[in-house]
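# Based on what follows, work out the 3D shape:
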Amino acid sequence: MENTPAWASDLDAWTLAMRAGRLSPHTAALRRYHLERLARDHGDRSPWSLTLDDLTTWTGSHEWGRETARSVRSSLRRFWAWGVATERCPVNVAEGLPPVQPAEARPRPAAPSVVREAFFHSPARVRLMMRLANECGMRRAEVAQVHHRDVVEDLTGWSLRVHGKGSRERTVPLPDDLARALLQCPGFAFPGRDGGHLSARYVGKLVSAALGHDTTMHQLRHLCATEVHDETGNLRLVQTLLGHASLATTQRYVAVRDEKMRAAVASRSLRWARAV
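Numbers count the residues shown, from 1 in each chain. Here you go, the predicted structure:
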């Protein structure tokens, strides 16, 4: 870290502690990034000399969206909690940071016509990424990590072991042709440098660029959730497919189709008209 010698050793130790706790590399990197931003603005001081006022002033001075602000607040609270646990500081000053209410989440499924057009014009690698997101409801980080050894066959068909957030794994069903496509990829389906895989950010960038129309890769996950719920009417099934810890989170992914609402209202209105 440049110009932050007072922070470097503590952030290295915290990063090691996060790895020891088997935090996902993506989450650990994001939390460290938040602290590095704070360090750049306070690098002439030890982190443990900062006060609640310092942290409140710093977080309040940035024009972040709600979700980013919530994520930064969580990182600061966890860093100072670790500082208390390791006796680097006597108190978690970040505990007093004002809570940030989550933004009102609305389902944002990609338009099927946009997805079909992008699929038709994209190279094979990007089409495979799109299929995993759209047909299996996978996050960009989960797509990036797909390996041929994660494809398994059982009595009911092909499945894929998905490496989800927080190091949680789940198994999702795979269409036969998608399973065959993944089995043809030796090692990682989307290899990067040094024998690893592409970053989640790069996978998301490739797919979002292919979709265009201000459509993101994550909106394929919303589309999957909405259409699977339309097909089954089973929100718990959708939760399991997407790997959500909370059913409330899943509800924010499933869009209510206007045509279905109209049909339901019209049908009920007709029944009442006949009854009066």
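# pLDDT on stretch 126-145, on average?
Averaged over stretch 126-145, pLDDT sits at 96.
# Got the confidence number for Tyr202?
We have a pLDDT of 95 for Tyr202.
# what does the one 10 residues further on give?
According to the predicted model, the pLDDT of Gly212 comes to 93.
# quick one: low-confidence ranges for this structure?
Where the chain drops to pLDDT under 70, the residues are 1-4, 105, 276.
# 80 - rerun?
1-6, 43, 102-105, 166-167, 257-258, 260-261, 268, 275-276 (pLDDT under 80).
# What strand or helix carries Ala141?
helix 140-144 (DSSP states H and E).
# Could you name the helices and strands sitting against that helix?
Judged by 3 or more Cβ pairs under 8 Å, 6 or more residues apart in numbering; DSSP states H and E, helix 140-144 is in contact with helix 124-136, helix 200-211. (Glycine included, C-beta is placed from N, CA and C.)
# and Ser71, which of those helices is closest to it?
Closest to Ser71 of the helices and strands packed on helix 140-144, according to Cβ to Cβ: helix 200-211, at 15.2 Å.
# and the angle for that closest one with helix 124-136?
Going by axes from the mean of the first three to the mean of the last three Cα atoms, to 10 degrees, helix 200-211 is angled at 90 degrees with respect to helix 124-136.
# Check which element follows helix 200-211 along the chain.
helix 218-232.
# Let's verify the closest residue to Arg77 other than its chain neighbours: helix, strand, or coil?
Closest residue to Arg77 apart from its sequence neighbours, by Cβ to Cβ, 6 or more residues apart in numbering: Ala94 at 4.5 Å. Three-state assignment for Ala94 (DSSP: H, G, I helix; E, B strand; the rest coil): helix.
# where exactly do the helices run in the stretch 51-200 of the chain?
For the stretch 51-200 of the chain, the helices defined by DSSP state H, counting those that start in this stretch cover 52-60, 66-85, 112-121, 124-136, 140-144, 176-183, 200-211.
# right, so these: which one is the most enclosed?
Most buried of those by mean neighbour count (mean count of other Cβ atoms under 10 Å) is helix 140-144; its value is a mean of 24.
# What are the buried residues along the helix or strand containing Leu237?
Element membership for Leu237, per DSSP H and E: helix 235-242. By 16 or more other Cβ atoms under 10 Å, the buried positions in helix 235-242 come out as 235, 238-239, 241-242.
# nearest spatial neighbour of the residue nearest in space to the middle of the chain, skipping sequence neighbours?
Geometric centre of the chain, nearest residue: Arg139, 5.7 Å, by Cα atoms, centre = their mean. What sits nearest to Arg139 in space, not counting adjacent residues and going by Cβ to Cβ, 6+ apart, is Arg221, at 6.6 Å.
# I'd like the distance between that neighbour and Thr171.
Between Arg221 and Thr171 the distance is 17 Å, computed by Cβ to Cβ, to the nearest Å.
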